[in-house]
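Q: A structural model of the following input is requested.
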Amino acid sequence: MKARFERFDIYARPRRRVRAPFVALCLALGPLAFPLAAAESSAPTFHPLDLDRFLGTSFKEIDKDPDSSWKYAPHDRQVFEGVPFEMRGILEVSGLRAAREQRLHPTSVRDIPVSRKAARLHVIH
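A: Just a heads-up that it's a prediction; the model follows:
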């Protein structure tokens, strides 16, 4: 069975170009949730991934900065369209503009261990 990718727009705004020099790929610890459909049950089971070691910045650090726009992002346990997420921080990757402004982040995040099969992968982006 092929995994389906689903994207949730947590802010429900009209689409527009991202102007930030970096893209926040995931709000962490659980932006990737895997429903495993049990044969006996029609309700899926979700298994959030532990992304703590991939975080660029945790929400605990972000909340200390009163000027951070990330403080308005949902924190901790959230449910979007029936899918639970544990959001504990952000994963940031760098683009050309961020690099020019000397705000350096990794260009990609790789080798995130999943350790199980999944029918779907849910990502908040």
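
Q: what helix or strand does H122 sit in?
A: Assessed by DSSP states H and E, H122 sits inside strand 120-124.

Q: What is that strand packed up against?
A: strand 4-8, strand 22-27, strand 83-87 (3 or more Cβ pairs under 8 Å, 6 or more residues apart in numbering; DSSP states H and E). C-betas here are computed from N, CA, C, even on glycine.

Q: Mind doing that once more with 6 Å?
A: strand 4-8 (3 or more Cβ pairs under 6 Å, 6 or more residues apart in numbering; DSSP states H and E).

Q: For the strand it packs on, give the mean pLDDT please.
A: Mean per-residue pLDDT for strand 4-8: 56.

Q: Would you mind giving the orientation angle of the strand holding H122 with respect to strand 83-87?
A: 50 degrees (axes from the mean of the first three to the mean of the last three Cα atoms, to 10 degrees).

Q: buried ones in strand 120-124?
A: For strand 120-124, the neighbour count (16 or more other Cβ atoms under 10 Å) marks 120-122, 124 as buried.
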